[in-house]
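> how would this look folded up:
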Amino acid sequence: MEITGRVALVTGAGKRVGRALALGLARAGARVAVHFHTSTAGALETVAAIRDAGGNARAFAADLGDPHAAGTLVDTVADTLGGLDVLVNSSGIMRHVALADVTPAEWDTTFAINLRSQFFTSQAAARRMASNGGVIVNMADLAAFEAWTGYIPHCVSKAGVVSLTQALAHALGPKIRVNAIAPGAVLLPDGFDPARLVSTTPLKRLGSPDDVVQAMLYLIGADYVTGETIIVDGGRHVRT
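Next comes the predicted model:
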């Protein structure tokens, strides 16, 4: 897919990796819908940065913890910007919670944002992409393939994203391709030791959001790739 002039929706684009993905799409020539929930200031900064660089972007608010909000968001973006070609499901949460302290509410909240929102946003996007085709890129995590102490709901929800990506690719082909990205040490949450992570990474360095952007742009343009999850972690997953 040629990105120039396409309409791309990035969820959770007001901060961190989501912002980088939105900026990367804008640099590639897309018209970008910058979704946010609570990161209002961040989303407006993302839009301003895109416009200052000569790009086209608008901010759209929605609480994707509400499954009914996904369809409204997608329809509003498509109606406002004239269609939808690319969906990047980047909204997510990552909380450190000890095993004994995981409550049903904590579990449900994590799954609602990390997994359920990706399904219902993709479902809504597929309806708008049905006639002309499109691309969906889901954000998974290295945690989908590893057991992280204190992050069980996060790990399991991200493993679900990998499975969801494969199921959607099967259900939505051939017109809509669905892939995922599983970043490793790109932007570290509080409590992670950079030196320890670097020591267990074959490339001996941390990654950056731009590494994830490159993977996203590849997946958007790779017309014979679907159902795939690209791990972007400097090779950390292959350590012994």
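
> Please count neighbours and contacts with C-alpha atoms only from this point.
Noted.

> where's L87, which helix or strand?
strand 86-89 (DSSP states H and E).

> so what strands line up beside that strand?
Counting by DSSP bridges, the strands paired with strand 86-89 are strand 7-10 (parallel), strand 134-139 (parallel).

> Following element in sequence after that strand, please.
Proceeding N to C from strand 86-89, the next assigned helix or strand is helix 104-111, under DSSP H and E.

> Now the helix or strand just after that following helix: buried residues?
For helix 104-111, the succeeding helix or strand toward the C-terminus, using DSSP H and E, is helix 117-129. By neighbour count on 16 or more other Cα atoms under 10 Å, the buried set for helix 117-129 is 117-126, 128-129.

> ok, now stretch 14-32?
14-15, 17-32.

> I would like the residues contacting it, please.
The contact list for stretch 14-32, computed with Cα atoms under 8 Å, 6 or more residues apart in numbering, reads 3-13, 34-36, 39-46, 49-50, 55-58, 81, 90-91, 187, 209-210, 212-213, 216-217.

> In strands, which of the residues you listed appear?
7-10, 34-36, 56-58 (DSSP state E).

> Now flag whichever of the buried residues of helix 117-129 is closest to K158.
The nearest member of these to K158, counting by Cα to Cα, is Q118 at 10.7 Å.

> Give me the spatial nearest neighbour of the closest one, chain neighbours excluded.
Nearest non-adjacent residue to Q118, counting by Cα to Cα, 6 or more residues apart in numbering: N89, 5.8 Å away.

> Hmm, P153 is touching F111, no?
Yes. With contact defined as Cα atoms under 8 Å, P153 counts as touching F111 (7.4 Å).

> State the distance from the spatially most central residue of the chain to A53.
Computing the C-alpha centroid of the chain and ranking residues by Cα atoms, centre = their mean puts S90 first, at 2.4 Å. Going from S90 to A53 by Cα to Cα, to the nearest Å gives 22 Å.

> Low-confidence ranges, this protein, go.
Where the chain drops to pLDDT under 70, the residues are 189-191, 239-240.

> what residue of it is the furthest out?
In the chain, counting by Cα atoms, centre = their mean, A100 sits farthest out from the average C-alpha position, at 29.0 Å.

> tell me which residues in the lengthiest helix in the chain are buried?
Identified as the longest helix of the chain according to DSSP state H is helix 152-172. Neighbour-count burial for helix 152-172, counted by 16+ other Cα under 10 Å, picks out 152-166, 168-169, 172.

> Likewise for stretch 108-116?
Neighbour-count burial for stretch 108-116 [16+ other Cα under 10 Å]: 109-116.

> what separates that stretch from the chain centre, distance-wise?
13 Å (Cα atoms, centre = their mean, to the nearest Å).

> Could you export it as PDB, CA atoms only?
Output of stretch 108-116 as PDB, limited to C-alpha atoms (Å, rounded to 0.1, in the frame of the first residue of the first chain):
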ATOM      1  CA  ASP A 108     -10.900  -6.800  33.300                       C
ATOM      2  CA  THR A 109      -9.500  -3.300  32.800                       C
ATOM      3  CA  THR A 110      -6.300  -4.600  31.400                       C
ATOM      4  CA  PHE A 111      -8.100  -6.900  29.000                       C
ATOM      5  CA  ALA A 112     -10.600  -4.200  28.000                       C
ATOM      6  CA  ILE A 113      -7.900  -1.800  26.900                       C
ATOM      7  CA  ASN A 114      -5.200  -4.100  25.700                       C
ATOM      8  CA  LEU A 115      -7.300  -6.700  23.900                       C
ATOM      9  CA  ARG A 116     -11.000  -6.100  23.700                       C
END
